[in-house]
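**Student:** what's the 3D shape of this:
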Amino acid sequence: MHDDRSLVEARLKRVLDERIRPAVYPEAVPMEVAVWTAPGEPVPVAEGLAAEPSPVSVGDRWGAPWGTSWFRVRGTVPAAWAGRTVEALLDLGFDENMPGFQCEGLVYRPDGTPVKGLNPRNQWVRVAERAEGGEDVRLHIEAASNPVLLDYHPFLPTPLGDKETAGSDPLYRIARMDLAVFDETVWQLVIDLEVLGELMAELPVEGSRRWEILRAVDRALDAVDLQDVNGTAAAARAELAGVLAEPAHPAAHRISAVGHAHIDSAWLWPLRETVRKVARTTSNMTALLEDEPEFVFTMSQAQQWAWVKEHRPEVWAKVVKAVAEGRFVPAGGMWVESDTNMPGSEAMARQFVHGKRFFLDEFGVENDEAWLPDTFGFAAGLPQIIKAAGSKWLLTQKISWSATNTFPHHTFDWEGIDGTRIFTHFPPVDTYNCSMKGSEIAHAERNFKDKGVARHSLAPTGWGDGGGGTTREMVAKAARLKDLNGSAAVKWEKPADFFAKAEAEYPNPPVWVGELYLELHRATLTSQAGTKQGNRRSEHLLREAELWAATAAVRSGFPYPYEELDRIWKTVLLHQFHDILPGSSIAWVHREARATYAKLAEELNGIIDAAQRALAGTGEQPLVFNSAPHTREGVPAGGASVPAVAGPTAVGARADGGFVLDNGLLRVEIDARGLVVSAYDIETGREAIAPGQAANLLQLHPDFPNQWDAWDVDAFYRNTGTDLTALDELTALQDASSVRVVRSFGASRVTQTLSLAAGSGRLDIETEVDWHETEKFLKLAFPFDVHAERYASETQFGHVYRPTHTNTSWEWAKFEACNHRFVHLEEPGWGVALVNDSTYGHDVTRTVRADDGGTTTTVRASLLRAPRFPDPETDQGVHRFHHALVPGAAIADAVREGYRVNLPERRIAGGGDVAPLVAVDNDAVVVTAVKLADDGSGDVVVRFHEARGGRATATLTAGFPVGGVRATDLLERPLADAPAPERTGGVVTVSLRPFELRTLRFTRG
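**Tutor:** You can find the predicted model right below:
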């Protein structure tokens, strides 16, 4: 037989596009359209429905950027359509190639009942299943004219990312507002042909199945009368019935389809718009669930559920009903799908606390899975947190985006820094917006790395980001793929059902140890410094507020601010969403974030101040409150007293220009360029700075990645750079312990204060940058005379080690990585740390010196970037950073000094010392939270972990009468399998494994 594949395939494409798809709606009549434009921000639904609109026509322009227009559409079903299915086709000016990234709408009935969302690939509203003819149809559309920012030429700078700069010109043109007859037979034929055509393209040419499908398609197209598609569609479908009925191979891959709509809580739209995106999508999905009995939809991010409950009660009622029926499934057990690299220990824990508690309180649902399809890599401390929250599984898809190495597994155990293992799945379909295309299903099976030992994978199915979720077309395709020869077998299932099957069939999966590093989007550790500083400072202010409020509540009856702290925590957690904290959202989002963080800081400082004053009492003693987990200048951790006074620091002139700072512990030389050329540890006689090198060196690089401007920094940025050594000013300050350095470069200016406090083993570096560069990357470099094959970076509840070399592509790819409060390098017996108060990105490199053969290991903190998309003014303005260089530091010193720069002392005059509410006798055991239990019982909750990477035994002494102690999970629920803590009165003894996390709940006696 002659090979006519190309002929038949081309015929299929044209006939589908030009004849069969248009015949789905064979008859249509226009509707009457009117519109009212809301002034400013969106209005309540009742106001939009009551507003008096003005007439408009198809073809008219509408919608200023970020505006809201309320359309009213009216029509009458023709009498001739009696007995037929009728739908309204409402095209606001959609581009079908951009679901979720342009205008959207939510359709209401006149009484305010939500019907469904309108999206680029979901423009229909069912009016009548069997029309009687003559029905009056009246619908209202709340339409959002969100601008397209990620256009066909992506990553171009645009002012559209903020309503303050976006202008007012209309963005869209009304394309269609019709009542139309819906021919389900033709629609089903479209699905038949799409499924078979897409499957056919994925099958081997040599296989008989491909040719069977080709011949059936050819016969079906012969059966279609192109002048009477509607009259011949049934005959065409009959020609396809045989090939659609052939069952899948018994060994076919099994795909659990999960209805899904990944909605970024903010990204190319502000937070307020996400509230409406979620309402539109949940309206779509509750409607689809009513129509499709096998369909299952899942939604993560408790914050998004809470938004619907608060802002759209009419939609919430439908969601609650669908959840009760068991097919609208809460997932993930987190407040938002957060970044997991940068959030601190306690914040990462609270993501699960608040997320899981919301689903438990509202629905009685306990999530066993963490659901993070789009997060930009996963910190090695996360497995223990997932387990401590009472969960056991993780799903993500994002690691498939890595640009250098291909991850070797799709289903595996992920082991964290403490040894906790979490059963983890990466969907091999390689998308969290699966649309049930044949190419996607075939890719999932071909791509699956665990063939032969496992056969199940998951496919999150639906358009996200306001694209409307799963469509009826996707559901129809899945029905045909349920048991179809040549394809993987597809079945709608809940995430928990998938994980149970996958875990059961794969009892001994491979193990991946350490962080799941995304080899992409590395610049998200630096972009939008103001947002990152707001996050770090909010985390530490919350620690202080809980600590001092709990102490004051127990000691003096201070009213513990349960509701305020709950609200503030949820606000901070929201802003840890994986496009807010990483700095990859539009200008509007970050402008609001900075303002929000400022308000939270004011409120938290007020709580702290009130609690401390309640504890201090009346008097004139100069008390210092120590919020850190370590004793500081004689002030106990979590207590207050008069601090010890250290000796002086001397500032002298340096022979070759510059200054010398010396406090008897550390001697620092600052040369005439204002650079640190020596940091000498007097006690050990060890120099920290590499010979001939200079630290505190600002370096400026060009920064224009190939794509994803705010997200990416590409390795070639390091090919060129400028050392910023030109000096405007070098001055010794009057406090006799500090030197000021001022530099100018480009349009920017840097002022640094280098300080060596009395009795301190660290050099504090305060850096103020008035930043006005574009597409540049600013680093702060410290070349150390240290030979180390690995270095430590703080992460949640411990630290992670990374190599300093690039032996393999896996190591080379980590050319920018994340730290929390410290980076630490060590040779046996001596180390050095660089600590910070608000930066996360860094790089570490090593070279061997030609003159003496020694190794120089350089740590560079990433300070600022200036990408132009999606925020064209990223980071412009004044920024302040605090770093500290700690020569001679062991890991314990790095941990301590990291807390010191993030938790500055607070001074209040009072009547006497304040004893800690809970004291710990071993500095290796670090307390991350002291608080009252969330249930209002008055119990005291203490969370702590081993912080040095070794085993530790410690006693915790309660500074209040204790009635009992229980080990709990993160949600403060007793652990059924945990032995009772060893206790004598108010003293509890604990033994911890390396990095082990523990939560104890003390009942007050």
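
**Student:** per-residue confidence at residue 980?
**Tutor:** Turning to residue 980, the model gives it a pLDDT of 84.

**Student:** now do the contacts for it.
**Tutor:** For residue 980, the contacting residues are 965, 966, 967, by Cβ atoms under 8 Å, 6 or more residues apart in numbering. No exception for glycine: its C-beta is placed from N, CA and C like everyone else's.

**Student:** okay, now the unreliable bits of the protein?
**Tutor:** Judged by pLDDT under 70, the chain has its weakly predicted residues at 1.

**Student:** list phi and psi for the spatially most central residue of it.
**Tutor:** What sits nearest the mean C-alpha location of the chain, by Cα atoms, centre = their mean, is residue 578, with 2.1 Å. Backbone geometry at residue 578, expressed as degrees, to the nearest 10, gives phi -80, psi 10.

**Student:** try residue 405
**Tutor:** phi -110, psi 150.

**Student:** what's the answer for residue 64, then?
**Tutor:** According to degrees, to the nearest 10, residue 64 has phi -70, psi 160.

**Student:** where does the closest residue to it other than its chain neighbours sit: helix, strand or coil?
**Tutor:** Excluding the flanking residues, the one nearest residue 64 by Cβ to Cβ, 6 or more residues apart in numbering is residue 168, at 4.4 Å. Secondary structure assignment for residue 168 (DSSP: H, G, I helix; E, B strand; the rest coil): coil.

**Student:** quick one, phi psi at residue 168?
**Tutor:** Torsion angles at residue 168 (phi, psi; degrees, to the nearest 10) stand at phi -130, psi 10.

**Student:** ok, back up a step: how about the contacts made by the residue nearest to the centre of the chain?
**Tutor:** Going by Cβ under 8 Å, 6+ apart, residue 578 touches 264, 336, 337, 338, 339, 372, 374, 375, 376.

**Student:** of all these, which two lie farthest apart?
**Tutor:** Across the contacts of residue 578, no pair lies farther apart than 336 and 376, at 13.9 Å, counting by Cβ to Cβ.

**Student:** just confirm residue 193 is within a helix.
**Tutor:** Yes: judged by three-state DSSP, residue 193 forms part of a helix.

**Student:** and for it, the neighbour number?
**Tutor:** 23 (other Cβ atoms under 10 Å).

**Student:** please apply the same query to residue 29.
**Tutor:** That count, for residue 29 with other Cβ under 10 Å as the rule, works out to 14.

**Student:** what sits against the closest residue to residue 686 other than its chain neighbours?
**Tutor:** Distances taken as Cβ to Cβ, 6+ apart put residue 830 closest to residue 686, at 5.5 Å, once the chain neighbours are dropped. Residues near residue 830 by Cβ under 8 Å, 6+ apart: 681, 684, 686, 786, 888.

**Student:** got it, and residue 134?
**Tutor:** With Cβ under 8 Å, 6+ apart, residue 134 has these contacts: 76, 77, 79.

**Student:** just residue 946 next, same as before
**Tutor:** Counting by Cβ under 8 Å, 6+ apart, residue 946 has contacts 798, 924, 925, 926, 952, 992, 993, 994, 995, 996.

**Student:** who is it paired with across the strands?
**Tutor:** residue 925 (DSSP bridges).

**Student:** which strands and helices sit next to the helix or strand containing residue 858?
**Tutor:** In this assignment (DSSP states H and E), residue 858 forms part of strand 855-865. When contacts are defined as 3 or more Cβ pairs under 8 Å, 6 or more residues apart in numbering; DSSP states H and E, strand 855-865 sits against strand 763-771, strand 776-784, strand 822-827, strand 830-836, strand 841-848, strand 877-887.
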